[in-house]
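Visitor: structure for the following, please:
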Amino acid sequence: MLKKNIFFSLILVIFLIAIFFLINNNSSKNTEVGQIQSVKIAGKILKVELALTQKEQEQGLSGRDNLKEDEGMLFVFSHIDKYSFWMKDMKFPLDIIWLSEDFHVIYIKENATPESYPESFSPSLYSKYVLEVNALFSLKNNLKVGDEVHFSSP
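Guide: Okay, the predicted model is just below:
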């Protein structure tokens, strides 16, 4: 009987430790979508504006004159898909970074210029998030496919 109790106690402790590590290692996944304020990518923390609705996603950064160096726009989609982006009505070049559902970079379109419109850019893989940042961010920060990204809120 004593061996049985020790065995079940040990299993319970291992289970609780596993849950603790899962919760702590998936902090980006636990961040409420509407509460995301920053993204850590390539060792940099960027303040992000969210594009959650279809209207916000269609508008994106179009019509703006610039984007600060430590800022970006994070498009959060309701489901994974192959999302295409173009540079319609853009006034400055961007790096467009597609992210998987598990917060990894899956594709980078570097230096997409306003002159490229109506060409569209999309990955061959499915994504859940897309991050737009100033052109050359990826090059300057050695960002590459496979890099992990973290979202944070206040």
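Visitor: just give the nearest non-adjacent residue to P114, would you?
Guide: M90 (4.4 Å; Cβ to Cβ, 6 or more residues apart in numbering). In short, each C-beta sits where N, CA and C put it, glycine included.
Visitor: which residues in the protein form strands?
Guide: Secondary structure of the chain by DSSP state E: the strands cover 38-41, 44-51, 71-81, 85-86, 94-99, 105-112, 120-121, 127-134, 150-152.
Visitor: any chance of those strands in TSV, with mean pLDDT and distance to E32 too?
Guide: Listed next are those as TSV, based on pLDDT from 0 to 100; distance: least, Cβ to Cβ, whole Å:
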stretch	mean pLDDT	distance to E32
strand 38-41	98	14
strand 44-51	98	11
strand 71-81	97	11
strand 85-86	98	25
strand 94-99	98	17
strand 105-112	98	22
strand 120-121	98	29
strand 127-134	98	14
strand 150-152	96	10
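Visitor: okay, these, which one's buried deepest?
Guide: A comparison of the strands of the chain by mean neighbour count, using mean count of other Cβ atoms under 10 Å, puts strand 94-99 on top with a mean of 26.
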